[in-house]
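Undergrad: what's the 3D shape of this:
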Amino acid sequence: MKRSYIAVAVLTLFCVGLIAVGCGKKETAEKRTVLCTTFPIYQITRNVVKDREGVDVQLMLPSQLGCPHDYALTPQDMQKLAKAEVLVVNGLGLEEFLGAPVHNANDKLIVVDSSEGIGQTLQYAEGHSCSVCETSAQDSEHDADGHHHHHHHHSQANPHLFASPRMVAKLALNIAAQLSKADPTGKNAYTENAKAYAEKMSELADEMAALGKRLQNNRIVPTHGIFDYLARDMGLEVVAVMQAHGQEPSAAEMLELVRTIREKKAGGIFTEPQYPQETASVLAQETGANVAMLDPVATGPDDAPLDYYETVMRKNMKTLEETLGVKE
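TA: Alright, predicted model coming up:
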C-alpha cells in the first residue's frame, strides 16, 4: 500500500513537470515582431493586428516624441530593427532617418509603407514647412557643391494623414493589405480587423464633417500644417499658420498674422499639446480671436487603449464646437 502511494506521488510530480515544461515552451515561443515607427501608426496597426496570435506589435520611437522629421536613429532603435520582421512606416517623407542604416541593421526587414498608393494627398504651400523642421520649403535646394540640404521638403508632400479619421481609415486598410502579403496566414484576421476599424473611422469622419457644416465660423489658425487633411475633410478654412517655417514667427510675421486674422475674421487660434502656447496667447490678445487646443494624436501614453484615437478626436470635436460656435 505504501509503495502504491509513492508511485502515485512520483507519477503526479512527473505529470506536473511535463505540464510546466509545456507551459514554459508556450510562453517563450517566439512571436512575429511588427515594429511601428510612430505613435499614430502604432495605434492603427494595433487595431489591424488585434487578436492575431503570434504577432507582437511594438513601437520604435517614444510615444511622446511626435513627428520625427529631424530624428536620428539610436543604438536602441537599431536593436529593435534587428529583431523585427516587419516595419510599418508613415511614409510621405516623415521618416527621413530611415535608409541605409535600417538595411544594415536587418537586410531581411519587410517595410510596410502605410501611405503607399493612397490618393488625395496634399502638398505643402510654397515656403511652408512642417512642425519641427527648421528649414523652409524654399531652402530645400542644392548648394554650390551639389549637396542637398533637406530632403523632406523636396517632394512637398504633407505626411500628416493620421490627423484625419477619413485618412486613418485608408491607412488601416493599406496596412492590412501589406501585412497580409508578409503574413498570408493572417490575411483574414488583418482584413476583417481593418474593415471594422476603417468603418469606425469613416463614421467618425462623417460626424466631424457634419459638425463642420454646423459651425458658425469655419476659419482657423493652427500651429502648422498637421491639420490640413482634417480641415479639408471637415470643410474648415486654414487662413494662416503660426509656424509657417517650422519655428516661432518673427516680429514681422507676427504683424502679418495679426493682420490676416483680423481681415479673415478667424474664429479660432488652435495650439497643440506638443508646442508652446505663447504665440497663440499674444495673437488672441491682439485680435480678440478665441484660442484653444487641438490634439492631432501625434503622441499619446505608452499604455494607450485601442480606442484612444477616437476618444481624442471626439474631444477635438467638442473643442471646435465650443470655440467656433454652432448654428442654431
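
Undergrad: Run through the strands of the stretch 1-150 of the chain in chain order.
TA: For the stretch 1-150 of the chain, the strands defined by DSSP state E, counting those that start in this stretch occupy 32-36, 55-59, 86-89, 110-113.

Undergrad: which neighbours does the third one have in its sheet, and in what orientation?
TA: The reference is to strand 86-89. On the basis of DSSP bridges, the sheet neighbours of strand 86-89 come out as strand 32-36 (parallel), strand 110-113 (parallel).

Undergrad: tilt between the longest one and strand 55-59?
TA: The reference is to strand 32-36. Here strand 32-36 points in a direction 30 degrees away from that of strand 55-59 (axes from the mean of the first three to the mean of the last three CA atoms, to 10 degrees).

Undergrad: which other residues reach strand 32-36?
TA: Residues from elsewhere that reach strand 32-36 (CB atoms under 8 Å, 6 or more residues apart in numbering): 42, 45, 49, 54-60, 80-81, 83-89, 179, 183. Where C-beta positions appear, they are placed from N, C-alpha and C, glycine not excepted.

Undergrad: excluding its backbone neighbours, what's nearest L81?
TA: A105 (4.2 Å; CB to CB, 6 or more residues apart in numbering).

Undergrad: show me what contacts the one you found?
TA: By CB under 8 Å, 6+ apart, the contact set of A105 is M78, L81, A82.

Undergrad: can you check R232 too?
TA: For R232, the contact set (CB under 8 Å, 6+ apart) comprises L122, S164.

Undergrad: which SS class is it?
TA: Following DSSP: H, G, I helix; E, B strand; the rest coil, we place R232 in the helix state.

Undergrad: any idea how far C36 is from Y124?
TA: 24 Å (CB to CB, to the nearest Å).

Undergrad: In terms of neighbours, single out the busier of those two.
TA: Using other CB atoms under 10 Å, the more surrounded residue of C36 and Y124 is C36, with 27 against 21.

Undergrad: who's the more buried one bridged to?
TA: Those that pair with C36 in a beta bridge, by DSSP bridges, are L59, V88.

Undergrad: Show the buried residues in the contacts of strand 32-36.
TA: 42, 45, 49, 55, 57, 59-60, 80-81, 84-89, 179, 183 (16 or more other CB atoms under 10 Å).

Undergrad: Let's have the strands of the stretch 1-150 of the chain in TSV, adding distance to E263 and mean pLDDT.
TA: Below are the strands of the stretch 1-150 of the chain laid out as TSV (distance: least, CB to CB, whole Å; pLDDT from 0 to 100):
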stretch	distance to E263	mean pLDDT
strand 32-36	43	96
strand 55-59	43	96
strand 86-89	40	96
strand 110-113	41	96
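
Undergrad: got TSV for those, with distance to M208 too?
TA: As requested, the strands of the stretch 1-150 of the chain are exported to TSV (distance: least, CB to CB, whole Å):
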stretch	distance to M208
strand 32-36	25
strand 55-59	26
strand 86-89	25
strand 110-113	26
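
Undergrad: Not counting residues beside it along the chain, what's closest to H160?
TA: Nearest non-adjacent residue to H160 (CB to CB, 6+ apart): I226, at 4.5 Å.

Undergrad: and that neighbour, how far is that from A240?
TA: Here the criterion is CB to CB. By it, I226 lies 14 Å from A240.

Undergrad: quick one, which of the two is more surrounded?
TA: The neighbour comparison of I226 against A240 (other CB under 10 Å) goes to I226, with 25 against 21.

Undergrad: just checking, the more buried one touches L161?
TA: No - here I226 does not reach L161: they are 10.3 Å apart, not a contact under CB atoms under 8 Å.

Undergrad: where along the stretch 101-250 of the chain do the helices fall?
TA: For the stretch 101-250 of the chain, the helices defined by DSSP state H, counting those that start in this stretch occupy 152-155, 165-182, 187-214, 228-234.

Undergrad: could you check the angle helix 165-182 makes with the third one?
TA: It stands for helix 187-214. Computed by the same axes, to 10 degrees, the angle between helix 187-214 and helix 165-182 is 170 degrees.

Undergrad: Roughly how far does the spatially most central residue of the chain sit from V88?
TA: Centroid-nearest residue in the chain: P40, 2.7 Å away (criterion: CA atoms, centre = their mean). Between P40 and V88 the distance, using CB to CB, works out to 11 Å.

Undergrad: do the same with M167
TA: 15 Å.
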